[in-house]
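Enquirer: Okay, structure incoming, though there's no sequence with it:
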């Protein structure tokens, strides 16, 4: 029997994000996962090289690539709904676990052990970097929309930046101080 795991992975591009918001540019889960992987890798490199933490940036980036894989099955549940109350969050966590099981069940048995920690994001240190990168990617999306004149994202931008700062991760603070401003520049200003 043929494994459909990777065929499903390549369907991430069909899952839209920010469904409750008017977007000037649509975003899908595949491109979001790439951005989160790049940002998670950067945060882990900052952790490793600037703050001398024991973290594997390659592992962090790989887990980030798969962090929203269950959404291939569940769709993207908007943040205001997902975190509306503890009961909804708990129920969604259960739905997500079922989706993870379904995806992992699509793999040949020889690969399940390798992909399980990637799909489940089971390492708490790695998961923290991925969560920070996920928030950072959301903040960048909000900033991009606001720069395009879409005021619908103004409050989300403020709330996401506040959530990022409240994570109390020195890597995030360092990244924002050293690289955050560049995201607000035009191509000509970037030089």
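Expert: Everything's here; your move. The structure presented is a predicted model; accordingly, all values stated were derived computationally and were not measured. Numbers count the residues shown, from 1 in each chain.
Enquirer: Can you tell me the element residue 35 falls in?
Expert: Taking DSSP states H and E as the definition, residue 35 sits inside helix 29-49.
Enquirer: Can you spell out which helices and strands pack onto that helix?
Expert: helix 57-66, helix 124-147, helix 170-175 (3 or more Cβ pairs under 8 Å, 6 or more residues apart in numbering; DSSP states H and E). Where C-beta positions appear, they are placed from N, C-alpha and C, glycine not excepted.
Enquirer: Beyond the last one, next helix or strand please.
Expert: Following helix 170-175 in sequence order, the next helix or strand is helix 187-190 (DSSP H and E).
Enquirer: Now do that following helix, average pLDDT.
Expert: Helix 187-190 comes out with an average pLDDT of 92.
Enquirer: Figure out how far the helix holding residue 35 is from the centre of its chain.
Expert: The chain centroid and the centroid of helix 29-49 are separated by 9 Å under Cα atoms, centre = their mean, to the nearest Å.
Enquirer: Now for the most centrally placed residue in the chain: which residues touch it?
Expert: Centroid-nearest residue in the chain: residue 134, 3.2 Å away (criterion: Cα atoms, centre = their mean). Listed by Cβ atoms under 8 Å, 6 or more residues apart in numbering, the contact set of residue 134 reads 36, 64, 67.
Enquirer: Let me have the residues you listed in CSV, extended by pLDDT, distance to residue 22 and neighbour count.
Expert: Shown next, in CSV, are these (pLDDT from 0 to 100; distance: Cβ to Cβ, whole Å; neighbours: other Cβ atoms under 10 Å):
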residue, pLDDT, distance to residue 22, neighbour count
36, 98, 23, 27
64, 98, 27, 30
67, 96, 25, 23
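Enquirer: so is residue 97 in a helix, a strand, or just coil?
Expert: helix (DSSP: H, G, I helix; E, B strand; the rest coil).
Enquirer: pLDDT below threshold where in this protein?
Expert: For the chain, the stretches flagged by pLDDT under 70 are 1.
Enquirer: so residue 63 touches residue 120, yeah?
Expert: No: between residue 63 and residue 120 there is no contact under Cβ atoms under 8 Å: 9.1 Å.
Enquirer: Those two: which is more packed in?
Expert: Under the neighbour definition other Cβ atoms under 10 Å, residue 63 and residue 120 were set side by side, and residue 63 has more, 24 against 19.
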